[in-house]
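K.L.:
Build me a structure from this.
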Amino acid sequence: MPLRPETARQVDALVADAQSTGHAPSLVVGVIRDGTVAHLAAAGSHPRPDADLQYRIGSITKTMTAVLIMQERDAGRLALDDPLRQHLPGAAAAGAVTLRQLLGHAGGLQREPDGPWWERSEGVDVATLLAGFSAAKIAYPPHRAFHYSNLAYGLLGGALERITGTPWAQLVRERILTPLGMHRTTYAATEPYARGYVVHPWHDTLREEPRTDTRAMAPAGQLWSTVADLARWAAFLADPDPSVLAPGTLDEMCAPVVIGDLDSWRGGYGLGIQLTRQGDRVYAGHGGSMPGYVAALAVHRRSRTGIVGFANSYGFRTGGIGPLGHQILTRVLDAEPAPARTWEPADAPPPADLAPLTGRWWWMGFPLDVTWDPATGELVGALRGERISRYAPEDTDRWRGRSGPEDGEVLAVRRDEAGHPVALDIATFVFTRTPDEAP
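P.N.:
As a prediction, this is how the structure comes out:
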């Protein structure tokens, strides 16, 4: 569904102003709703951007490396609390640092590997990367604080290659890009693509930057993509394809491993996912930069709304493409909240054995209203009309919390001698039919 004309006009104005004041040769932002590009805003003519023009995505690549790690975890080939050295013996200097800590930038590793600036230099192989890795690259004790590390993702990529016996570039293509139809997301630049520049601060001339093959550090920031392709990835992060990654696993990735700013709690990091709080909303995604390029991806998962954006200049004079993306996403959500799901009447009442479980139950004067969802076969409990939990059948008179405050907890049905349900025991909180009954 396209944006309303007034919302689209506001997004266009924000992008045009950012391109002008930020001195970006070209700038493009796509707004994603329900899995498709709802609006494309573009400015600049060096080159003129469109939805199929490639830019370098930089560290957004890390989100795909993290998904590959989680695929291996779900397949039982690793555990997140395994030390890195267990899967990459050449990384013994990492000591007890775990895969979870590396994914969340809580492993204490320094930001960059040894040698020249890796983003602007031809890369080295994994063996050479490991040869430059020593205990001196541990900047902080693990999990003491958030400390962003590109090196961590180079090492995670090396671990993936050793576990699977497959090069990282092949893994990301076969397991993510091809299944999701991201055919214009590639390891190296593929025409048409935007050349990347540094804009001179005094006379506004352009210096073209090199397009390097970062090799062992590729899992940290190598990939190229387009608005149309990265919109598919944003849609995946909002609502994953189970054939690529279980939805519950992506939920796990979007839970904080570490908070990045302990004073305000405005930002944190999950398992490969940057988390940013804007007011009452949390956006999941990642930023990216490589010489000559900046990129942004952010999604509000609950409403399945997101943005992706690119510019082909290193740096952004007006505060960065990430803040611009968050501003646009907030503007869209404020102007056009996700529409409520249309209510449809049920075709039939609950089955005879479930109907007695529905209705109002009480605990210590608090009401719990239980309904039945015919679409999923789940019980839905609303405590005081606010805290909504869903329960899936697990066994006779036993239901397991699937979402909400009681996620994972057990709802057990208590019956009298005649077999009538008289109480619901939810994690030892016993709900009865009248507020006067003692639990």
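
K.L.:
Report the contact partners of residue 118.
P.N.:
The neighbours of residue 118, taking Cβ atoms under 8 Å, 6 or more residues apart in numbering as the test, are 112, 150, 214, 217. All C-beta atoms are positioned from the backbone trio N, CA, C, and that covers glycine.

K.L.:
Then residue 379?
P.N.:
Counting by Cβ under 8 Å, 6+ apart, residue 379 makes contact with 354, 357-358, 370-373, 390-391, 399, 411.

K.L.:
For residue 95, state which of those is nearest.
P.N.:
Nearest to residue 95 among these, counting by Cβ to Cβ, is residue 390 at 41.9 Å.

K.L.:
Residue 399: what secondary structure?
P.N.:
The local conformation at residue 399, judged by DSSP: H, G, I helix; E, B strand; the rest coil, is strand.

K.L.:
State the pLDDT value of it.
P.N.:
Looking at residue 399, its pLDDT reads 97.

K.L.:
For the contacts of residue 118, could you give me a markdown table that also reports neighbour count, pLDDT and secondary structure?
P.N.:
What follows is the contacts of residue 118, written out as a markdown table (neighbours: other Cβ atoms under 10 Å; pLDDT from 0 to 100; DSSP: H, G, I helix; E, B strand; the rest coil):
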| residue | neighbour count | pLDDT | secondary structure |
| --- | --- | --- | --- |
| 112 | 17 | 90 | coil |
| 150 | 23 | 96 | helix |
| 214 | 22 | 96 | coil |
| 217 | 27 | 97 | coil |
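
K.L.:
Farthest pair within these?
P.N.:
That would be 112 and 214, which, of these, are the farthest apart (Cβ to Cβ) at 11.7 Å.

K.L.:
hang on, isn't residue 425 packed against residue 411?
P.N.:
Yes - in terms of Cβ atoms under 8 Å, residue 425 counts as a neighbour of residue 411; the distance is 7.3 Å.

K.L.:
Of these two, which one has the most company?
P.N.:
Of the pair residue 425 and residue 411, residue 411 is the one with more neighbours under other Cβ atoms under 10 Å, namely 25 against 15.

K.L.:
helices or strands up against the helix or strand encompassing the more buried one?
P.N.:
Taking DSSP states H and E as the definition, residue 411 sits inside strand 410-415. Here strand 410-415 touches strand 398-403, strand 421-426, going by 3 or more Cβ pairs under 8 Å, 6 or more residues apart in numbering; DSSP states H and E.

K.L.:
Sheet-wise, list the partners of the last one with their directions.
P.N.:
Okay, so that is strand 421-426. Strand 421-426 has these partner strands in its sheet, going by DSSP bridges: strand 410-415 (antiparallel), strand 429-432 (antiparallel).

K.L.:
Show me which residues of the first one are buried.
P.N.:
Residues of strand 410-415 classed as buried: 410-413 (neighbour count, 16 or more other Cβ atoms under 10 Å).

K.L.:
go on, the shortest one?
P.N.:
By neighbour count on 16+ other Cβ under 10 Å, the buried set for strand 429-432 is 429-432.

K.L.:
Go ahead and name everything in contact with it.
P.N.:
Contacts for strand 429-432 (Cβ under 8 Å, 6+ apart): 361-363, 368, 414, 422-425, 439.

K.L.:
can you rerun that using 7 Å?
P.N.:
Applying Cβ atoms under 7 Å, 6 or more residues apart in numbering, the set of residues contacting strand 429-432 from outside is 361-363, 368, 422-424, 439.
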